[in-house]
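Asks: Structural data only, the sequence is not supplied:
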């Protein structure tokens, strides 16, 4: 990564992995940097390097398309940047290069996860990258359920079996503020634990051959932002943690990464993958993983889910209120509280 003289982040394409996840405050330049490179790559080779710019809903997509607000800031700063306009072509919102000429070229697609399956006539063979901007929505936004499964299906539609033919997989880039660590997508992709461990151990970066996760940092940028009016008067610590400190606000108080199971008793299994354990001191502990011989409550079965709540809700609620219920992760905590309707 590099930084401009103003402190804006510049993410190098050479550093990207098959899955790259970037967390950073508003205005840091993550969207600008990633989108600029997507357009430049596609402009050079639209037969191979087209991209998909993904957002949650069709409503957001229509607003972006109407304002043509994505590439215009880049064009205003970089006068050598290709002229690109978002236009509707054959029913799909597209990034079109040289739109006013006799030979406009589609170099990318602007799509919504919620209506991805409605795309018309796109083969995706020339798509090399999917970037999902603001994949963790802002607080108060209504999020469609099962986003992880929906994204995986969308990715499969684009990637197909290209790796069987010794081709590179379609790269994934996720961009977000640190609004909420909980995400169906991160859980289903198997990286939620990595990110939670980074948060738990105050790590800013993680890399392996397939994955790059980065909490973007620019001391110069954040210091300048801290000195602006709204942040000088701001008294909302939760907002400040996200916008200035680039930290999730999720409470880790009930998360225990390491537990002594000596003298403990397995009570039951929930949803076929979570175990409720009574520890030696009488407190309860939920963990991802199963113990043999325990009854399982299938939470996709209405009768079993209702029975689980009737038998255990009062006890679980009292333990939770008393601070005697713990979890191996924020994800387990969120899921168990949801199941128990606490």
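Replies: Received, thanks. All of these numbers come straight from a predicted model, not from anything done at the bench.
Asks: in the stretch 101-250 of the chain, which spans are helices?
Replies: Taking DSSP state H, counting those that start in this stretch to define them, one finds helices in the stretch 101-250 of the chain at 147-159, 184-188, 192-200, 219-226, 229-233, 237-243.
Asks: CSV for those helices, including distance to residue 91 and mean pLDDT?
Replies: C-beta here means a position set from N, CA and C on the backbone, and glycine is covered the same way. Output for the helices of the stretch 101-250 of the chain, formatted as CSV (distance: least, Cβ to Cβ, whole Å; pLDDT from 0 to 100):
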stretch, distance to residue 91, mean pLDDT
helix 147-159, 16, 94
helix 184-188, 26, 91
helix 192-200, 35, 89
helix 219-226, 40, 72
helix 229-233, 41, 76
helix 237-243, 37, 66
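Asks: Next up, the contacts around the closest residue to residue 42 other than its chain neighbours.
Replies: Leaving aside its sequence neighbours, residue 42 sits nearest to residue 107 (Cβ to Cβ, 6 or more residues apart in numbering; 3.6 Å). Counting by Cβ atoms under 8 Å, 6 or more residues apart in numbering, residue 107 touches 39, 42, 43, 46, 50, 51, 84, 95, 96, 97.
Asks: Strands - which of the residues you listed land there?
Replies: Of these, the ones assigned to strands by DSSP state E are 50, 51, 84, 95, 96, 97.
Asks: Most neighbours out of the contacts of residue 107, which is it?
Replies: residue 95 (28 neighbours; other Cβ atoms under 10 Å).
Asks: Isn't that residue up against residue 83?
Replies: No: the pair residue 95 / residue 83 is not scored as a contact, 11.0 Å apart, by Cβ atoms under 8 Å.
Asks: related to what we said a few turns ago, how about the helices of the stretch 101-250 of the chain in a markdown table, adding distance to residue 111 and mean neighbour count?
Replies: Shown next, in a markdown table, are the helices of the stretch 101-250 of the chain (distance: least, Cβ to Cβ, whole Å; neighbours: other Cβ atoms under 10 Å):
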| stretch | distance to residue 111 | mean neighbour count |
| --- | --- | --- |
| helix 147-159 | 8 | 17 |
| helix 184-188 | 15 | 19 |
| helix 192-200 | 24 | 18 |
| helix 219-226 | 30 | 15 |
| helix 229-233 | 33 | 9 |
| helix 237-243 | 26 | 15 |
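Asks: In the chain, which helix is the longest?
Replies: helix 302-321 (DSSP state H).
Asks: Going by neighbour count, which residues of that helix are buried?
Replies: 304, 305, 308, 309, 312, 316, 319, 320 (16 or more other Cβ atoms under 10 Å).
Asks: Against residue 147, how distant is the most centrally placed residue in the chain?
Replies: In the chain, the C-alpha nearest the mean C-alpha coordinate belongs to residue 135, at 4.4 Å (Cα atoms, centre = their mean). Going from residue 135 to residue 147 by Cβ to Cβ, to the nearest Å gives 8 Å.
Asks: Also residue 200?
Replies: Counting by Cβ to Cβ - residue 200 and residue 147 are separated by 24 Å.
Asks: Please tell me I have it right and residue 134 contacts residue 180.
Replies: No: Residue 134 is beyond contact range of residue 180, at 12.0 Å (criterion: Cβ under 8 Å).
Asks: where along the stretch 1-150 of the chain do the strands fall?
Replies: 2-3, 9-10, 19-23, 50-55, 84-89, 92-97, 105-112, 127-133 (DSSP state E, counting those that start in this stretch).
Asks: okay if I get those as a markdown table plus distance to residue 184 and mean pLDDT?
Replies: A markdown table is the format used below for the strands of the stretch 1-150 of the chain (distance: least, Cβ to Cβ, whole Å; pLDDT from 0 to 100):
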| stretch | distance to residue 184 | mean pLDDT |
| --- | --- | --- |
| strand 2-3 | 33 | 67 |
| strand 9-10 | 27 | 83 |
| strand 19-23 | 14 | 96 |
| strand 50-55 | 15 | 97 |
| strand 84-89 | 28 | 92 |
| strand 92-97 | 24 | 94 |
| strand 105-112 | 16 | 96 |
| strand 127-133 | 13 | 97 |
